[in-house]
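**Student:** how does the following fold in three dimensions:
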Amino acid sequence: MTTVMDLSNALAGAVERAAGAVLAVHGRPRLPSTGVRWRAGLVVTANHTVEADREVTLTGPDGRTLSAQVAGRDPRLDIAVLRTDAESAPAADVADDGELRIGHLVLAVGAGPRASAGIVSALDVGGGRQASGEIVAVDLTLYPGFSGGALVDVRGRVVGITTSGASRHLQCAVRASAVSRLVDHVVQGGRIPRAYLGVGTQAVVLPDALRERLHLAQRTAVIAVNVKPDSPAASAGLIIGDIIVSVAGHATAEPEDRRRHPVGGRPRGDERPRRPRLVGSRRARR
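**Tutor:** Presented below is the predicted three-dimensional model:
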């Protein structure tokens, strides 16, 4: 019984420690979502819960109401960064999400506070618009209004931001490290840049002779069907008819792969623009 009570008290303490940085976000009709004070003057929440051209207000743990403005959005990760006053209020204790392991006990903390307990069920949720390694799956219940809330470990440290908008089939959380990168963009540049290539593609079957000559395992790639003038793609020399077989070393077998590994811009931290590997009837380059 002592061990069970110790665990129960530890979980309750984790919620209490995290709750001081958790706020209600009023950015859509009727149901508020949850936000987490990430740094002084900056709150993060789920992007899908903050409607465009709508006044956003926050309700803190003490019941005070604050006004907020959207400072940046990343629909791909379903994260919005809000700028607000009350810079002296406590920020979340953000942990190193690299320590997460499948089976770790975690809690989702929503405004109120409210809490839900579960485990980390997968560390690398890819597919769709998400980049590999930025989303983790959690086996717990995200109740209405929990999106944008804190995913915390048993010490009350934030390891991610929960959202129901990152996957249609899984309960997910955006890793804290990915959220911090987005917040850094707002702090340093005042906004979140978006990767932009400026090219339209469609899938194409690669001839067996070409696959053998280039030692390619994939059977399909994408072909450029239009290139916008003055775009990063045009500046890189991409032309209509070029076939893209990989981006930054990642095989590109269909247009959706190109969205997962975008070219141009610096969407994450200080990464260099990702270059495509192109093949055509007369050229092959990296």
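**Student:** what's the spacing between the residue most central in space within the chain and Val174?
**Tutor:** For the chain, the residue nearest the mean C-alpha position is Leu77 (2.8 Å; Cα atoms, centre = their mean). For Leu77, the distance to Val174 (Cβ to Cβ, to the nearest Å) stands at 5 Å. In this view, the C-beta of every residue, glycine as well, is placed from N, C-alpha and C.
**Student:** low-confidence ranges, the stretch 1-150 of the chain, go.
**Tutor:** Applying pLDDT under 70 to the stretch 1-150 of the chain flags the ranges 1, 86-88, 126-132.
**Student:** helices of that one, residue ranges please.
**Tutor:** Ranges of helices in the stretch 1-150 of the chain, per DSSP state H, counting those that start in this stretch, are 2-19.
**Student:** ok, the nearest residue to Ala224 once chain neighbours are set aside to Arg101 distance?
**Tutor:** Spatial nearest neighbour of Ala224, excluding adjacent residues (Cβ to Cβ, 6 or more residues apart in numbering): Asp242 at 4.7 Å. Separation of Asp242 from Arg101 (Cβ to Cβ): 42 Å.
**Student:** who has more neighbours, the two?
**Tutor:** Neighbours per residue (other Cβ atoms under 10 Å) separate Asp242 from Arg101, with Asp242 holding more: 21 against 8.
**Student:** in the sheet, who's paired with the residue nearest to Ile240 when sequence neighbours are not counted?
**Tutor:** Nearest residue to Ile240, sequence neighbours excluded (Cβ to Cβ, 6+ apart): Ala224, at 5.5 Å. Listed by DSSP bridges, the beta-bridge partners for Ala224 are Thr201.
**Student:** right, and Ala224 touches Ala234 too?
**Tutor:** No: contact between Ala224 and Ala234 fails when scored by Cβ atoms under 8 Å: they sit 10.4 Å apart.
**Student:** if you count what's nearby, which of these two comes out ahead?
**Tutor:** Legend: neighbour count by other Cβ under 10 Å for Ala224 and Ala234, higher for Ala224 (22 against 15).
**Student:** list the contacts of that one.
**Tutor:** Ala224 sits next to 199-201, 233, 238-244 when contact means Cβ atoms under 8 Å, 6 or more residues apart in numbering.
**Student:** just Arg157 next, same as before
**Tutor:** 18, 93-95.
**Student:** who wins for neighbours among those?
**Tutor:** When the contacts of Arg157 are compared by neighbour count (other Cβ under 10 Å), Ala18 ends up highest, at 26 neighbours.
**Student:** if we can go back for a sec, now the residue nearest to the centre of the chain: how far from Leu123?
**Tutor:** As judged by Cβ to Cβ, Leu77 and Leu123 stand 16 Å apart.
**Student:** cool, Leu214 as well?
**Tutor:** 32 Å.
**Student:** compare those two (neighbour count), which wins?
**Tutor:** Neighbours per residue (other Cβ under 10 Å) separate Leu214 from Leu123, with Leu123 holding more: 15 against 12.
**Student:** that one reaches Glu99, doesn't it?
**Tutor:** No: the criterion here is Cβ under 8 Å, and Leu123 misses it with Glu99 at 11.1 Å.
**Student:** how close does Asp97 get to Leu206?
**Tutor:** 38 Å.
**Student:** err, Arg114, not the other one
**Tutor:** With distances taken as Cβ to Cβ, Arg114 is found 52 Å from Leu206.
**Student:** list the contacts of the closest residue to Leu66 other than its chain neighbours.
**Tutor:** Excluding its sequence neighbours, the residue lying closest to Leu66 (Cβ to Cβ, 6+ apart) is Leu58, at 4.5 Å. By Cβ under 8 Å, 6+ apart, the contact set of Leu58 is 23-26, 35, 43, 65-68, 82, 84.
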